[in-house]
Every structure is written in structure tokens, then in C-alpha cells.
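> For reference, the sequence and a predicted model appear below.
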Amino acid sequence: MAIHARAELESRKERMLSEDLLARGIRDAAVIGAMREVPREAFLSPDMARFAYDDGPLPIEEGQTISQPYIVAYMIEALELQGTERVLEVGTGSGYAAAVLSLCAAEVFTVERIAPLAQSARERLERLGYRKVTVHLGDGTMGWKEHAPYQAIVVTAGAPEVPAELMEQLASGGRLVIPVGPTPHLQELVRVRRQADGSFKRENLCPVRFVPLIGEQGW
Ligand code: SAH
């Protein structure tokens, strides 16, 4: 990439951090630091790279999308990470959110159902040096039992209901953040907290729009 193009991206990134994240209330210093560090352009096709720090979602392969930067930051902030957690992400897509998560937690396990996406995200994360992320091909509505329980779980596709299996794989005190809605393309972001006594507390956070979660406990 030419030097001027790189400088242009850096200044767009600073604008994104101040106007799209800070001005809208993102406060978690680790999340803001991670959003500054991870190059979103590296998770996009070359023709999309110049839009990397625009305030919206962008298309990736297989008809899927990489979420709006603000939503990525908002969801990760809502997980209330301290840096010590084992995190499960459902919906690897480009691998961008997994990279950001990996700078805010101890370990990230991420599941993607579309094989070419899982493969390219795995290669990209490895090439960029995100060693704390492990990508798995499969139906994430069933979680990833092998590494459970998770102190935090984030789902980056919209579900008809909170998958029971994901609640099952949440550690005591853990947080699950997931878009839930009655139609495949319009949802409410929901946070589920597993209490010390094993019960679950559910809160609605904000309206969102994600691609559908497709699988056994999805659409
Ligand atoms: N977090 C991604 C955004 C992903 S878009 C990023 O930062 O780029 C949502 C992704 O969820 C898509 O790639 C889609 O294929 C995937 N998905 C949908 N249903 C799924 C399921 N049941 N298990 C795993 N991945 C799923």
C-alpha cells in the first residue's frame, strides 16, 4: 500500500475512534486500544480497504458482512472483559472481531459455519499474528463444548431465540451477548448473565441488524 494511502487510513481510524466510538459512549480503555491496534483494512478485500474506517458494516465473501466498528466495540464492551477470560465467538466471518477480542481477553475460540470463511479467517489471523485465536468450522449455535465453560460468549449473527446450548456453556458469572429477534434480519441486542446460583438474568441493550444465525438452534 502506498504511503499516502496508509496515512489516510490512519487519520480515518483516528476519526472513527473519536467520533464513532468515544463520542457515542464507548469507555472501556482496552476495547478502544484494541480498536486502534487492529487494522480493519486487513480483514477486507483490497477494493473495500479504503472504506475500512467508515461508520457502517461492509460486505465480505459468501454474502456475509463485517460489522460496523461501533457495534463491534459496543458488543465487546458489553462483555465486561478484564483480560483473563476464555471467550467464545459465534460467527467468525472475516476474523476482525475475534482479533479485537483477543486483545481484550486471554483466549478466543471462534466458530464459523461457512468453510471458505473459516479457512481464510484462520490464515489471515495467523499471518497477522493473532495467536490467541482458534478458528473452528461448525455450527456455533451448539457452541464449542470442548473448551467450555466460557466467561464470555458473543454471537455476531441474529438468532430467533437465545440458544440453550450457549447458556449451558456459560461459566457462573459469565456474560453472553447476542442479537435476538423475531425475523432473520432485525434484532435486539440481548445480554444474558449467569448468576452465582445458576439462574440467568436477561437485559435488552439496543436494536441491531445482523445477518441470520443459521443452524440447529438458529434459523
Ligand atoms: N464477527 C464477524 C462478522 C460476522 S457476520 C467479523 O468480524 O467479520 C456473521 C457470521 O456468522 C457469518 O460469517 C456467518 O456465516 C456466520 N454464521 C451464521 N450462522 C452461524 C452458525 N450457526 N455458526 C457459526 N457461524 C455462523
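Now that the structure is in, tell me what you want to look at. The structure presented is a predicted model; accordingly, all values stated were derived computationally and were not measured.
> What is the least confident helix or strand in this protein?
In the chain, the helix or strand scored least confidently by mean pLDDT, DSSP states H and E is helix 3-15, which has a mean of 94.
> now what about stretch 52-67, what contacts it?
Stretch 52-67 is touched from outside by 9, 12-13, 15-16, 19-20, 39-41, 43-45, 48, 51, 68-71, 75, 93-94, 96-97, 114, 116-117, 120, 156, 210-211, with contacts defined as C-beta atoms under 8 Å, 6 or more residues apart in numbering. All C-beta atoms are positioned from the backbone trio N, CA, C, and that covers glycine.
> switch the cut-off to 6 Å
Contacting residues not belonging to stretch 52-67 are listed as 12-13, 16, 20, 40-41, 44, 48, 51, 68, 93-94, 96, 114, 117, 211 [C-beta atoms under 6 Å, 6 or more residues apart in numbering].
> Among those, name the ones in helices.
Where the contacts of stretch 52-67 overlap with helices, as defined by DSSP state H, the overlap consists of Arg12, Lys13, Tyr96, Leu117.
> which one of those has the most neighbours?
Most neighbours among these, by other C-beta atoms under 10 Å: Tyr96, with 26 neighbours.
> right, and it touches Leu44 too?
No. The pair formed by Tyr96 and Leu44 falls short of the contact definition of C-beta atoms under 6 Å, at 8.5 Å.
> How much space separates Val90 from Pro46?
Noted for Val90: a distance of 28 Å to Pro46, by C-beta to C-beta, to the nearest Å.
> Who has more neighbours out of those two?
Using other C-beta under 10 Å, the more surrounded residue of Val90 and Pro46 is Val90, with 29 against 8.
> who does the more buried one bridge with?
According to DSSP bridges, the partner residues bridging Val90 are Val111, Val155.
> if I look at it, how far off is Gln217?
Summarising the geometry, the distance separating Val90 from Gln217, computed by C-beta to C-beta, is 10 Å.
> ok, now Leu9?
Counting by C-beta to C-beta, the gap from Leu9 to Gln217 is 39 Å.
> Next: Gln64.
Plainly put, Gln64 is 19 Å away from Gln217 if you go by C-beta to C-beta.
> before we move on, back to that, residues in contact with the least confident helix or strand of the chain?
Counting by C-beta under 6 Å, 6+ apart, helix 3-15 makes contact with Glu41, Tyr53, all of which sit outside it.
> repeat for stretch 127-135
Residues from elsewhere that reach stretch 127-135 (C-beta under 6 Å, 6+ apart): 42, 92, 98-99, 102, 107-110, 118, 121-122, 125.
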